[in-house]
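*Asks:* Can you look at this prediction? I've put the sequence above it.
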Amino acid sequence: MPELPEVETIRMGLKEQAVNLKVLKIDIYNQKSFQGNPQNFFNLTIKDIFRRGKMLGIEFENDRVLVIHLKMSGQLIFVPSKIKKNRSTIYNLKRYEALFHKQIRVIITFDNGSKLYFNDQRKFGWIREFPSLQKAIDDIFGNLGPEPLEDNFSFDDFRRSLQKRGKTAIKVALMDQHLIVGIGNIYSSEALFLARINPVKKIEQLSQSEIKKLFDSMRKVLLMGIAQKGASRSHFVNERGEKGNFLNVAKVYNREGKPCFTCGNLIENIILNGRSSFYCSRCQM
DNA sequence: CACTTGACCTGTCCGC
DNA sequence: TGCGGACAGGTCAAGT
């Protein structure tokens, strides 16, 4: 499911609720979903929740780390020990477990009775243990591109990143996590629409001003995604089980055959790198 | 080097 | 109602 805005939405919500909780046990219902030794986390307290690209990290007091990748259908749902009744929140644990039992892969139970559920219909996602943050950086974070929303990420960084791949279609490059992290199929389409750039255009064909426009558009749609609490096409929910609203404001994604909001032309869908790519052929040249 | 395809999985939706 | 195929916020590896 999730791209940067979805993972960031979960990170913020989880950070509020899970920091300082102590692990009582970790139950694993699908072996491939948890890579590591669950015993190693007994009695450890959560120190921080962080994000790197589309991955989420849980940092414990002894510096041990759990890294989580939700891939296409992963969900992380936090159910507090004492739950206020709220229509949009999952408040009945038994009902919740009955409803989602087929998709629950891992449950982390904390010593105050609250639980963190890792659900994953397609089983592509994973939770992986690292003895330290440094080890996670060495093994999986190190060869990722820069964070597009960091203050120190400049237009020059962006331009240099892209120019390594002149022959590549811009949409494919935007989604390449080695060049820049966090952008997937939804936000790449939206950023290119805002920048009025055709998704198949090669990087070497882009003008300086187009790259600048794309730099701004990319950050704008990611921030919009966070403001809308993510995009929920099918699976995405935040840590409280609530859907995001980004697709209500999306301009092209999943709008094939519908009129472009700018020019009225019908939105088209082409397959690029095996992925649906939505765009307006009149606005995006 | 750049692009395509298949693999990993389960579930839903649509047309016949 | 059933059956088959297409498709789904991601990423790898292998083949062309």
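*Replies:* Everything's here; your move. Numbers count the residues shown, from 1 in each chain, chains lettered A, B, ... in the order given.

*Asks:* who touches the nearest residue to A:V181 once chain neighbours are set aside in this structure?
*Replies:* In this structure, A:V181 finds its nearest non-sequential neighbour in A:G53, 3.1 Å apart by Cβ to Cβ, 6 or more residues apart in numbering. No exception for glycine: its C-beta is placed from N, CA and C like everyone else's. Shown in contact with A:G53 (Cβ atoms under 8 Å, 6 or more residues apart in numbering): A:L4, A:V7, A:F141, A:L144, A:G145, A:E147, A:Q177, A:V181, A:G182.

*Asks:* list the contacts for the closest residue to the last one other than its chain neighbours?
*Replies:* Nearest in space to A:G182, with sequence neighbours left out and distances taken as Cβ to Cβ, 6+ apart, is A:L4 at 3.0 Å. Taking Cβ under 8 Å, 6+ apart as the criterion, A:L4 is in contact with A:R51, A:G53, A:K54, A:P148, A:L149, A:V181, A:G182, A:I183, A:Y187, A:L222, A:G225.

*Asks:* One more: A:K201?
*Replies:* For A:K201, the contacting residues are A:A169, A:I170, by Cβ under 8 Å, 6+ apart.

*Asks:* again, only using 6 Å
*Replies:* For A:K201, the contacting residues are A:I170, by Cβ atoms under 6 Å, 6 or more residues apart in numbering.

*Asks:* do you know how far it is from A:A195?
*Replies:* According to Cβ to Cβ, to the nearest Å, A:K201 stands 10 Å off from A:A195.

*Asks:* Also A:L4?
*Replies:* In terms of Cβ to Cβ, A:L4 sits 17 Å off from A:A195.

*Asks:* buried stuff in stretch A:227-237?
*Replies:* Neighbour-count burial for stretch A:227-237, counted by 16 or more other Cβ atoms under 10 Å, picks out A:Q228, A:K229, A:G230, A:A231, A:S232, A:H235, A:F236, A:V237.

*Asks:* burial of the residue of chain A found nearest DNA strand B, as a residue count?
*Replies:* As assessed by Cβ to the nearest atom of the strand, DNA strand B sits closest to A:R122 within chain A, at 3.2 Å. Neighbourhood size, A:R122 [other Cβ atoms under 10 Å]: 12.
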